[in-house]
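Undergrad: Just the structure for this:
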Amino acid sequence: MSTHPEALPVVVRSAGFEGVGLAIGRALRSQCRGPMLLALLLPLFVAVISAIALLWFFGATLSDWLQSAASSYNVTLGAVDGMLIPIVVGIILLPIAGILGLVAAAIFVMPLVLRHLNERDYPGLQRLGGHVFFPSLWNATWVMVVFAVGWVLSLPLWLVPPLAIVAHVGWWAFAFTKIMRLDALADHATPQERKILQARHNRGFWALGTICALINFLVPPAWFLLPVLSALMFSHFGLEALRRLRSET
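TA: From the prediction side, this is the model:
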């Protein structure tokens, strides 16, 4: 049974990583259900179309600019140039297509995920969040812009392999956490409940984002699953935390 938001205590203590493993296990089971398998298609479609468009409109220009920049700094790699420049273009543009797919999952797939979980796994959990489309759109937009700018600015770190790993995992952990954390709670939790849960479970949310980023780095083909799977992971984690919070109060 839900409680009026003014009656909730502002609890800011951390709950550590409680519930992370439970959320991952539940998300894997939910991903195998028919509706969630169909949901994989939308972010994949957006990412593929975005990748094609970015390479079509900006690939040649970016290649010419990189070639010119290499020449101006007297960087010559001989025959390797023909292979290196397209790889660098892909490193710059393809993650931007990937973040567009993640944004599509947050805006359009997350409502389907929450409705599915509300019916199958959390039927007694009231939806008290109100209208969340525009807050979700704004949140996804600023995260996407920060990610894209930060990704490009951190490209020199790729010259140092350990720093390249840190940059890759760090930026994707930022994207997964900042996008999915809000959307997982906004539909069900009141603003006061969101404040409490984000403070109490901040480490857990970031752990989930980092796990998704590590999967994205270590197993790149897994990105086919990650937009929807991450939505399920964050939703299970957030909804279970919300259910426990309401039972406490």
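
Undergrad: by contact count, what packs against the helix ranked longest in the chain?
TA: Counting residues, the longest helix in the chain under DSSP state H turns out to be helix 41-72. Packing partners of helix 41-72 (3 or more C-beta pairs under 8 Å, 6 or more residues apart in numbering; DSSP states H and E): helix 81-104, helix 226-248. The way it works is simple: take the backbone N, C-alpha and C, and place the C-beta from them, glycine included.

Undergrad: quick one: the residue positioned nearest the centre of the chain from Leu137, how far?
TA: Centroid-nearest residue in the chain: Phe176, 2.3 Å away (criterion: C-alpha atoms, centre = their mean). According to C-beta to C-beta, to the nearest Å, Phe176 stands 18 Å off from Leu137.

Undergrad: Quick check: which ranges of this structure have low pLDDT?
TA: By pLDDT under 70, the low-scoring segments of the chain are 1-16, 69-82, 131, 249.

Undergrad: Recalculate using a threshold of 90.
TA: Within the chain, the ranges that satisfy pLDDT under 90 run 1-19, 55, 57-93, 124, 129-136, 155-161, 164, 220-221, 248-249.

Undergrad: and the residue lying closest to Ser230 once chain neighbours are set aside, how far is that from Leu157?
TA: Spatial nearest neighbour of Ser230, excluding adjacent residues (C-beta to C-beta, 6 or more residues apart in numbering): Cys212 at 4.7 Å. Look at Cys212 and Leu157: by C-beta to C-beta, they are 20 Å apart.

Undergrad: neighbour-wise, which of those two wins?
TA: Remark: of Cys212 and Leu157, Cys212 carries more neighbours, 27 against 16, as counted by other C-beta atoms under 10 Å.
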